[in-house]
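In: Kindly generate the corresponding structure for this input.
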Amino acid sequence: MPLNIVILAAGQGKRMASSLPKVLHPLAGKALLRHVLDTARSLVPARLVVVYGHGGDIVRDAVRDTDGSKEACWVLQTPQLGTGHALAQALPHLDADLPTLVLYGDVPLVQKATLEHLIHQGGQGMGLLTARLDDPQGYGRVARDAAGEVVAIVEERDATPEERRIAEINTGIMLLPPEKTPRWLAGLSSANAQGEYYLTDVVARAVAEGVSVRTTHPAATWEIQGVNDKSQLAQLERVWQRQLAERLLRQGVRLADPARVDIRGTLTCAQDVFIDVGVVFEGEVSLAEAVEIGPYCVIRNARIEARARLAAFTHIENAQVGPDAVVGPYARLRPGTEIASGARVGNFVEIKNSRVGPGSKANHLAYIGDAEVGARVNIGAGTITCNYDGANKSRTVIEDDAFIGSDTQLVAPVRVGRGATLGAGTTLTRNAPPDALTVSRVRQTSVANWKRSAKKRTPPS
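Out: Numbering: from 1, shown residues only. The predicted structure follows:
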């Protein structure tokens, strides 16, 4: 059904105790408001309006589209006089012939299916998303008559003791009919405990005019949980991470502990993937069939191919690991790195903007930067590519079947020929020919009867 969507995101969030506007605090690596915007766009609204206030352009700029999708209309609410006043600021930017769905920038996890059900239930009248809570404290209550029909929403500050015992709460998310909403908003009063214009007061107006008020509930109460302080943010983070973990389990992923995995972006997994404890995924990550991720890895914007294995404490960013490769423990793959099939990258090896060919290995204590490493190359411990001269970066090429001895420095630009061997301790400043041994090393000398300098001792005073 065509509709308008308005996201109310003007609140200050004093209880967050932070200079960062509340709706920009991250949940699962994404701003609260971004979660709501993404869900709103999934409903393909005719008009999408965000009402912002505290934080001003910081809020707008932080979540502004960069992917070419339809830009939201941003409307500044100043001063902030309540939710009814906020929606009134959005009215000039809406299609007057379409119903309006109202969402909140600090209620990040309401699901598309729940909203679709609300839209269907509301129809041409009014739709309310409500929920029953064991502890409804802090929420407005849904008042019903003897026949069970909604008659009003009572804010907790204005509720009587009897009304506060009502377990059904108003989430604030509602669908409003097009032809009556402007008049209802114009008639709101601020004569209440907060001195604000409550959007919920339009419910009583709808009832008085005989407009049907239909309610629906979310599939889970976490969908309607708002964020008002850091404690609630942390609680919702854990709830959402558990939901993401359950999805992975249903897809056939094996998790060592579903409570100890963090997904701060989009994680795509094939079957028979294993993820150990403490792993953090950020951005866009893809794990192919039978990939194994060891404990406490951090993986950001990466593709890991079939049967590859990442050992403990490996860090990967904007890189690709080929099938059957082994990386780690304590390895770091920086942006632009490609590890080919069957290659091995061991502990304390750092690779940046380089390709390591099939079957090659750098098992420990090496730095490979701006390099092209061929197939079946062995890179010894302590090897570094000297790729930066203080002003420019140059590339190193190591051809197939080369053997790089330990503690070797390759001063780029330089090429190591196919099948070449570099002796341990070599500093290579010129190309090494193929199938030859290249050594640059001071001749070893032993000095007889040489004595090491002794430390002078100060006599006791």
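In: quick one: low-confidence parts of the stretch 351-461 of the chain?
Out: 461 (pLDDT under 70).
In: hmm, try it at 80
Out: Scanning the stretch 351-461 of the chain for pLDDT under 80 picks out 455-461.
In: Need the three-state assignment for Leu118.
Out: Look at Leu118: counting by DSSP: H, G, I helix; E, B strand; the rest coil, its state is helix.
In: Would you mind identifying the helix or strand in this structure with the lowest mean pLDDT?
Out: helix 57-63 (a mean of 86; mean pLDDT, DSSP states H and E).
In: right, and the helix or strand after that one?
Out: strand 73-76 (DSSP states H and E).
In: Name the residues that touch that following strand?
Out: 47-53, 56, 60, 89-90, 93 (CB atoms under 8 Å, 6 or more residues apart in numbering). For the C-beta atoms, the positions are set from N, CA and C on the backbone; glycine is no exception.
In: Show me how far it is from its chain's centre.
Out: Computed by CA atoms, centre = their mean, to the nearest Å, the separation of strand 73-76 from the middle of its chain amounts to 25 Å.
In: residue ranges of the strands in the stretch 151-300 of the chain, please?
Out: With DSSP state E, counting those that start in this stretch as the criterion, the stretch 151-300 of the chain has strands at 168-176, 213-216, 254-255, 261-269, 274-275, 279-287, 292-293, 298-304.
In: Out of the contacts of strand 73-76, which comes closest to Val253?
Out: Leu48 (34.0 Å; CB to CB).
In: ok, that closest one to Ala432 distance?
Out: The gap separating Leu48 from Ala432 is 61 Å, by CB to CB, to the nearest Å.
In: chain center to the helix or strand containing Ile316, what's the gap?
Out: Per DSSP H and E: Ile316 is located in strand 315-321. Averaged C-alpha coordinates place strand 315-321 at 16 Å from its chain's average position (CA atoms, centre = their mean).
In: strand partners of that strand, parallel vs antiparallel please.
Out: Strand pairing for strand 315-321, determined by DSSP bridges: strand 298-304 (parallel), strand 332-333 (parallel), strand 337-339 (parallel).
In: Could you tell me how many residues sit around Glu196?
Out: Around Glu196 there are 18 other residues, counting by other CB atoms under 10 Å.
In: so it sits right up against Ser190, yeah?
Out: Yes. Assessed by CB atoms under 8 Å, Glu196 is found in contact with Ser190 at 5.8 Å.
In: Mind putting the strands of the stretch 151-300 of the chain into CSV with mean neighbour count?
Out: As requested, those are exported to CSV (neighbours: other CB atoms under 10 Å):
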stretch, mean neighbour count
strand 168-176, 23
strand 213-216, 20
strand 254-255, 16
strand 261-269, 19
strand 274-275, 22
strand 279-287, 20
strand 292-293, 23
strand 298-304, 21
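In: circling back to that earlier point, now do the least confident helix or strand of the chain: which elements does it pack against?
Out: Judged by 3 or more CB pairs under 8 Å, 6 or more residues apart in numbering; DSSP states H and E, the packing partners of helix 57-63 are helix 32-42, strand 47-52.
In: which one of those is the most hemmed in?
Out: For those, the largest average neighbour count (mean count of other CB atoms under 10 Å) is found in strand 47-52, namely a mean of 24.
In: Give me the mean pLDDT for that one.
Out: On average, the pLDDT along strand 47-52 is 95.
In: residue ranges of the helices in this structure, please?
Out: Under the criterion DSSP state H, helices of the chain are mapped to 32-42, 57-63, 83-90, 112-122, 161-164, 181-186, 202-208, 230-250.
In: Return the distance of the last one from the chain's centre.
Out: Distance of helix 230-250 from its chain centroid, counting by CA atoms, centre = their mean, is 13 Å.
In: do the third one as well
Out: Going by CA atoms, centre = their mean, the spacing between the C-alpha centre of helix 83-90 and its chain's C-alpha centre is 30 Å.
In: switch to numbering from 12
Out: Happy to do that; since the first residue is 12 now, the last one works out to helix 94-101.
In: Contacts made by that helix with the rest, please.
Out: 17, 19, 21, 60, 62, 64, 86-88, 91, 111, 113, 183, 192, 196-197, 199, 207-213.
In: Same question for the first one.
Out: The contact list for helix 43-53, computed with CB under 8 Å, 6+ apart, reads 16, 18, 20, 33-39, 59, 61, 70, 73-74, 80-81, 83, 112, 114-123, 126, 238.
In: would a markdown table of the helices of the chain with distance to Val360 be doable?
Out: Rendered in a markdown table, the data for these read as follows (distance: least, CB to CB, whole Å):
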| stretch | distance to Val360 |
| --- | --- |
| helix 43-53 | 35 |
| helix 68-74 | 36 |
| helix 94-101 | 54 |
| helix 123-133 | 43 |
| helix 172-175 | 62 |
| helix 192-197 | 62 |
| helix 213-219 | 63 |
| helix 241-261 | 29 |
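In: and those, which one's lowest on average pLDDT?
Out: Looking at the helices of the chain, the bottom one is helix 68-74 with a mean of 86.
In: what bits of the stretch 62-211 of the chain have low per-residue confidence?
Out: For the stretch 62-211 of the chain (pLDDT under 80), the answer is 67, 75-82, 204.
In: could you list every residue that touches Met12?
Out: 110, 130-131.
In: Give me the buried entries from these.
Out: The neighbour-count test (16 or more other CB atoms under 10 Å) marks 110, 130 as buried among the contacts of Met12.
In: Take the contacts of Met12 and write them to a markdown table, including distance to Ala465.
Out: A markdown table is the format used below for these (distance: CB to CB, whole Å):
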| residue | distance to Ala465 |
| --- | --- |
| Pro110 | 92 |
| Ile130 | 88 |
| His131 | 91 |
